[in-house]
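Asks: Got a sequence here, can you build the structure:
(4 chains)
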Number of protein chains: 2
Amino acid sequence: MKHETFSGTQAAKVVAISYRQLDYWARTDLVRPSGTDATGSGSRREYTYRDLLELKVIKNLLDAGIKLESIRDVFAYMREHVDTDISSAHLVISGSSVVLCNGEELIDVLRHGQGVLNILPMSGVRDEIDRHIIELRPDLLSLQDKQEKPGFKAV
Amino acid sequence: MKHETFSGTQAAKVVAISYRQLDYWARTDLVRPSGTDATGSGSRREYTYRDLLELKVIKNLLDAGIKLESIRDVFAYMREHVDTDISSAHLVISGSSVVLCNGEELIDVLRHGQGVLNILPMSGVRDEIDRHIIELRPDLLSLQDKQEKPGFKAV
DNA sequence: GCTGGAAACTACGCGGGTGTAAGACGCTAC
DNA sequence: GTAGCGTCTTACACCCGCGTAGTTTCCAGC
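Replies: Predicted structure coming up:
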């Protein structure tokens, strides 16, 4: 499969953020394009589908009122510990630790939770991304293949 | 029962926030002392036990990485819609709406949730507050009575 | 090789949420 | 009444997360 990538402005549109946000996040190492990074004025960033998933997760967390600072911690933690298919799980943030859960596990986490738990169902994230991509680029129906794994692992 | 109240500095210590935070929150109408409000330089704010619960909830949400702006929305919503005993329930924040749940309801909320859910078990909040109060003022063991209702209602 | 457009870069500014420091005020004790 | 202490108040400054605007660079099309 051809590595289908997205420019900065395209990525921003797909995940519904401003270009300035995307740019700021790239400069401050929150999410850099894993396709091609910027190499100076006039160069082009290339975001992969997997990047879009991360960006959308961030956008959802922001919309939920989570501070960007905390989101940075979450992703730092995730990049270290998490790497599996997340589509059917829930992302659970408790303080500085992050877990992926489904079903009974999730309930268990809730019963024992002492602090605030931030919970994001990941299935919705993938669906949303796919919808927006099709809207923006109907040619990319080849995305039906599931080759591209989302980038997180269960801890 | 004597309406036992707490000064600004005492309240700040009990909920483990800085005085500047407490002051800022009072000035910007997030949490004002329901005992006595400030009436100028040298006056004294009087916070009730119920106020302490609210402050502690805010502190926990902040620690979980929630933006103060969102917390303002949450409390605006709660003051309108919520008014029951929260000690045994979970505070669930989904976007701009807030609910109190326990057991099966909570699970249902999770299964149908599309956005991020912020979940705070309230039992821990009350316990934490009580512990810190006893630490600060061992004389107040009269707080064993449950006369003071927490200030939120189920929606 | 020139030109136009799209993207990345830079500079500047702003508002929110505090921290620090110092001043103003009321109350209690003497 | 005045000295001291605990508070509230005010002023100032800082950093983060962008928005706005203008500039620079690359690339495509001619």
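Asks: how many degrees apart are the least confident helix or strand in chain A by mean pLDDT and helix B:104-112 in direction?
Replies: Least confident helix or strand, chain A: helix A:104-112 with a mean of 74, by mean pLDDT, DSSP states H and E. Note on geometry: by axes from the mean of the first three to the mean of the last three C-alpha atoms, to 10 degrees, helix A:104-112 and helix B:104-112 are set 130 degrees apart in direction.
Asks: Is there any residue in helix A:104-112 that contacts chain B?
Replies: Yes: Helix A:104-112 reaches chain B (C-beta under 8 Å from any C-beta of the partner chain) through A:106, A:107, A:110. In short, each C-beta sits where N, CA and C put it, glycine included.
Asks: Can you give me the buried ones in that helix?
Replies: Buried residues in helix A:104-112, defined by neighbour count with 16 or more other C-beta atoms under 10 Å in any protein chain shown: A:106, A:109, A:110.
Asks: which among those gets closest to DNA strand D?
Replies: residue A:109 (26.1 Å; C-beta to the nearest atom of the strand).
Asks: how near is the closest one to residue B:65?
Replies: 17 Å (C-beta to C-beta, to the nearest Å).
Asks: still on that earlier bit, need the buried residues of helix A:104-112 in CSV with distance to residue B:56, can you?
Replies: Formatted as CSV, those follow (distance: C-beta to C-beta, whole Å):
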residue, distance to residue B:56
A:106, 25
A:109, 22
A:110, 20
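Asks: Could you pull up the residues touching residue A:14?
Replies: Contact partners of residue A:14, counting by C-beta atoms under 8 Å, 6 or more residues apart in numbering or on different chains, are A:6, A:52, A:55, A:56, A:129, A:132, A:133, A:136.
Asks: One more pass at 7 Å, please.
Replies: A:6, A:52, A:129, A:132, A:133, A:136 (C-beta atoms under 7 Å, 6 or more residues apart in numbering or on different chains).
Asks: For PyMOL, write a command that selects the buried ones of the residues you listed.
Replies: Those of the contacts of residue A:14 that count as buried under 16+ other C-beta under 10 Å are selected in PyMOL with:
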select buried, chain A and resi 6+52+129+132+133
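Asks: Can you tell me which of the contacts of residue A:14 is closest to DNA strand D?
Replies: Closest to DNA strand D, out of all of the contacts of residue A:14 and judged by C-beta to the nearest atom of the strand, is residue A:6, at 15.9 Å.
Asks: Bridged to the closest one, which residues?
Replies: residue A:47 (DSSP bridges).
Asks: now chain A, which segments are flagged as low pLDDT?
Replies: Within chain A, the stretches with pLDDT under 70 are A:1-3, A:82-88, A:103, A:113, A:138-155.
Asks: roughly how far apart are the most centrally placed residue in it and residue A:104?
Replies: By C-alpha atoms, centre = their mean, chain A has its centre lying nearest to residue A:54, at 1.4 Å. Distance of residue A:54 to residue A:104, given as C-beta to C-beta: 27 Å.
Asks: can you check residue A:15 too?
Replies: With C-beta to C-beta as the criterion, residue A:15 and residue A:104 are 32 Å apart.
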